[in-house]
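Trainee: Fold the following, please.
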Amino acid sequence: MTEVAQTARSRWVGLVAISVAVALIIVDSTIVNVAIPSVVDELGITSTQVQWVQESYTLVFASLLLVFGTLADRYGRRRVLLIGVTIFSLASILAALSQTGELLIASRLVQGVGGAMILPASLSIINATFRGKERAIAFAVWGSTIGGMAAVGPLLGGWLTTYFSWRWAFGINVPLGVIIVIGVMVFALESREEGTPRRVDAVGALLSVLLFASLVFGLIEGRTYGWFVSDTPPDFWTLDISPIPFVFLATLLALAAFIVWGLRRERAGQSTMLAFGLLRIPSFRNGNIAAMIVSLGEFGIILSLPLWLQNVLGYDALQTGLVILALAIGSFVASGFAGAFGNRIAPVLIVRVGILAEIAGVLLVAVAIVPGAQWWQVVPGLFVYGFGVGCATAQLTSVVLMDVPIEQSGQGSGTQSTARQVGSALGIAILGTILFTSLGAGLASRLDDRSDIPDSVKAQIVTAVVDSAGTVIPGLDAQSPDAAADARAAFSDSTRFAAFSAAGFLALGFLASLRLGSPHGHRLAARRPR
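Mentor: Reported below is the predicted structural model:
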């Protein structure tokens, strides 16, 4: 009896260690958002590279989630998670030592490999370890831990960047990684798919990587290379038409090949990267669609807001972290709320309330985005938005995995994680493109009304502001206060436009959540013995 009790306690302590492992990914993302302006100043990276610092990680992350979800089922979920934390920590050291934008982006690519191993393994461990009412509590602990660490991220990143260096924003991952490895090795139990492991679908893995990589690449680089006609083609490109349409064609072909190949292997009784049979489960299928659309709206605004706070309002990294902390506090509060009521209120209702709160929060933030805004005007919207994220995230995960068989939990969690990461990648790519495209057009329009600035200088100002992601705006004050004022107004307009666009995608996510079924049915499913 003592051994059983000890095992039960160990499961919950192991859950905290696993949750902190996922929180490591969240902390890194929030820290990087706050540190980006300082990275731009020191390394001189362009606005496209700013997107790639964010997107290179997300691209690899999304591309490999299905692969590592399957490998975790085959060869051990705890083992894959530990390897992922190790890779992530080592890549963080490389990022902290980067001397160029290219090296930083390469380090983020390697971080993406580690992150792709951590997330599906952690979710599949929880899915395999906890059942019934314990599962709702476990996901609440998972969400609350992430929310708490997310609250620490912006503040820690701002403090490290302001008083030390943005490099410490990556270096902090190393001691966290050591703590996680010790906790998981001591308290978390190993689990894997029963029976003899089947061969991994290598062709499916390659097609999934090609699918997601080409999609995100096309969305980010379309602004640089042109969507149809190429004004600034890459050095290796000789055609008049832009390479971007061909990239999107590759995406469509990879998608078609991935589906055909997977269905063929499934009919033959062979392993597949995506368990197509799981898509026949309504909660799994509809939940993944909702998760992808919601993530698209959630993460896009996080790219633009720190840039606006620092380059338009003049905040330093620590002040920016304090403002964004409101979002994380809201998420933390909501995670506790979802945990307290998760067994009394249908999860699908909590998801819908969360999405509506996200929409309201983003709209409040959008209204507050003006050149002369004060921090207290932005904070309420961020808190409401964070509350919505906290309500929706953990409970949507629970809904998606509710009816997934234990033996397919790795594939199931990998699929839902992929849906989220594809959504966040699309959000950063689409809303980042909206931000910088509207910034260039808006600033050019404002400068056209000024006769005291030569046309050649106007073009140089627009290029400098867009390519630097707004970091040259403070320096314009000494050269041309009027141009600086126009740049602040244009950056505010484009940030607000991106926020409204995010709210639109979240509204689509809410509509998608209506297909998750009746709340009463989900409540019964959550209580049904497994």
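Trainee: If you count neighbours, what's buried in the host helix or strand of residue 80?
Mentor: Here residue 80 sits within helix 77-96, counting by DSSP states H and E. By 16 or more other Cβ atoms under 10 Å, the buried positions in helix 77-96 come out as 77-92, 94-96. Yep, even glycine has a C-beta here, placed from its N, CA and C like the rest.
Trainee: Now do it: distance to the chain's middle.
Mentor: Helix 77-96 sits 18 Å away from the centroid of its parent chain (Cα atoms, centre = their mean, to the nearest Å).
Trainee: average pLDDT across the following helix or strand past it?
Mentor: Under the assignment DSSP H and E, the closest C-terminal helix or strand after helix 77-96 is helix 101-129. For helix 101-129, mean pLDDT is 81.
Trainee: buried stuff in helix 101-129?
Mentor: Using 16+ other Cβ under 10 Å as the test for burial, helix 101-129 gives 101, 104-129.
Trainee: Which elements pack onto that helix?
Mentor: Under the contact criterion of 3 or more Cβ pairs under 8 Å, 6 or more residues apart in numbering; DSSP states H and E, helix 101-129 touches helix 2-43, helix 47-75, helix 77-96, helix 132-163, helix 375-401, helix 409-448.
Trainee: what bits of the stretch 101-250 of the chain have low per-residue confidence?
Mentor: By pLDDT under 70, the low-scoring segments of the stretch 101-250 of the chain are 127-128, 131-137, 139-154, 189, 192-199, 231, 235.
Trainee: downstream neighbour of the helix or strand hosting residue 221 in the secondary structure list?
Mentor: Using DSSP H and E, the element containing residue 221 is helix 202-225. Heading C-terminal from helix 202-225, the first helix or strand you meet, by DSSP H and E, is helix 244-267.
Trainee: Now the helix or strand just after that next one: buried residues?
Mentor: Using DSSP H and E, the helix or strand that directly follows helix 244-267 along the chain is helix 282-311. For helix 282-311, the neighbour count (16+ other Cβ under 10 Å) marks 283-311 as buried.
Trainee: got it, and stretch 229-242?
Mentor: 230, 233, 242.
Trainee: residue contacts, the nearest residue to residue 359 once chain neighbours are set aside?
Mentor: Closest residue to residue 359 apart from its sequence neighbours, by Cβ to Cβ, 6 or more residues apart in numbering: residue 506 at 4.8 Å. Contact analysis of residue 506 by Cβ atoms under 8 Å, 6 or more residues apart in numbering lists 293-294, 297-298, 355, 358-359, 362.
Trainee: can you tell me which of these lies nearest to residue 433?
Mentor: Nearest to residue 433, judged by Cβ to Cβ, of those is residue 297 at 14.9 Å.
Trainee: Would you confirm that that closest one contacts residue 502?
Mentor: Yes: assessed by Cβ atoms under 8 Å, residue 297 is found in contact with residue 502 at 4.6 Å.
Trainee: Which neighbours do the two have in common?
Mentor: Counting by Cβ under 8 Å, 6+ apart, the residues touching both residue 297 and residue 502 are 362, 427.
Trainee: what's the burial count for the residue lying closest to residue 380 once chain neighbours are set aside?
Mentor: Residue nearest to residue 380 in three dimensions, not counting chain neighbours: residue 364, with 6.1 Å by Cβ to Cβ, 6+ apart. Residue 364 has 20 neighbouring residues, counting by other Cβ atoms under 10 Å.
Trainee: do the same with residue 457
Mentor: Residue 457: 15 surrounding residues under other Cβ under 10 Å.
Trainee: which SS class is it?
Mentor: When classified by DSSP: H, G, I helix; E, B strand; the rest coil, residue 457 comes out as helix.
Trainee: what's the answer for residue 344, then?
Mentor: Residue 344 falls in the coil class when you classify it by three-state DSSP.
Trainee: do you know how far it is from residue 330?
Mentor: Counting by Cβ to Cβ, to the nearest Å, the gap from residue 344 to residue 330 is 21 Å.
Trainee: More neighbours: which of the two?
Mentor: Taking other Cβ under 10 Å, residue 344 and residue 330 do not tie; residue 330 has more neighbours (28 against 8).
Trainee: What residues does that one make contact with?
Mentor: Residue 330 is in contact with 361, 382-390, counting by Cβ under 8 Å, 6+ apart.
Trainee: ok, and the most crowded of those residues?
Mentor: Highest neighbour count within the contacts of residue 330: residue 390, with 32 neighbours (other Cβ under 10 Å).
Trainee: Find the nearest non-adjacent residue to that residue, please.
Mentor: Leaving out its chain neighbours, the residue that sits closest to residue 390 by Cβ to Cβ, 6+ apart is residue 334, at 2.8 Å.
Trainee: Tell me which helix or strand the one you found sits in.
Mentor: Assigned by DSSP H and E, residue 334 falls within helix 317-341.
Trainee: check contacts around residue 187.
Mentor: Per Cβ under 8 Å, 6+ apart, neighbours of residue 187: 10-11, 13-14, 17.
Trainee: mind running it again at 10 Å?
Mentor: With contact taken as Cβ atoms under 10 Å, 6 or more residues apart in numbering, residue 187 is in contact with 9-18.
Trainee: Just give the closest residue to it, not the sequence neighbours.
Mentor: residue 14 (3.7 Å).
Trainee: Now that that neighbour has come up, it's in contact with residue 186, right?
Mentor: Yes: counting by Cβ atoms under 10 Å, residue 186 is a contact partner of residue 14 at 8.1 Å.
Trainee: Just want to know which of the two has more residues nearby.
Mentor: When neighbours are counted by other Cβ under 10 Å, residue 14 comes out ahead of the other of residue 14 and residue 186, with 21 against 11.
Trainee: Please report the distance of that one from residue 126.
Mentor: For residue 14 relative to residue 126 (Cβ to Cβ), the value is 10 Å.
Trainee: Run a quick neighbour tally on residue 433.
Mentor: For residue 433, using other Cβ under 10 Å, the count is 21.
Trainee: Please tell me how far it sits from residue 295.
Mentor: Plainly put, residue 433 is 17 Å away from residue 295 if you go by Cβ to Cβ.
Trainee: and what of residue 474?
Mentor: For residue 474, the distance to residue 295 equals 33 Å [Cβ to Cβ].
Trainee: can you check residue 492 too?
Mentor: The gap separating residue 492 from residue 295 is 25 Å, by Cβ to Cβ.
Trainee: Quick one: mean pLDDT for stretch 10-19?
Mentor: 77.
Trainee: So what's the gap between it and the chain middle?
Mentor: Distance, centroid of stretch 10-19 to centroid of chain: 23 Å (Cα atoms, centre = their mean).
Trainee: Does residue 175 touch residue 27 like I think?
Mentor: No: if you go by Cβ under 10 Å, residue 175 and residue 27 don't touch, sitting 11.8 Å apart.
Trainee: Which helix or strand lies directly C-terminal to the helix holding residue 334?
Mentor: helix 347-368.
Trainee: okay, residue 377: pLDDT?
Mentor: Model confidence at residue 377, given as pLDDT, is 92.
Trainee: Make 420 the starting number, not 1.
Mentor: Yep, numbering from 420; the last one is residue 796 now.
Trainee: Wait, residue 672 touches residue 630, no?
Mentor: Yes: contact criterion Cβ under 10 Å: residue 672 and residue 630 qualify, at 9.1 Å.
Trainee: my guess is residue 891 meets residue 897, correct?
Mentor: No: with contact defined as Cβ under 10 Å, residue 891 does not count as touching residue 897 (11.3 Å).
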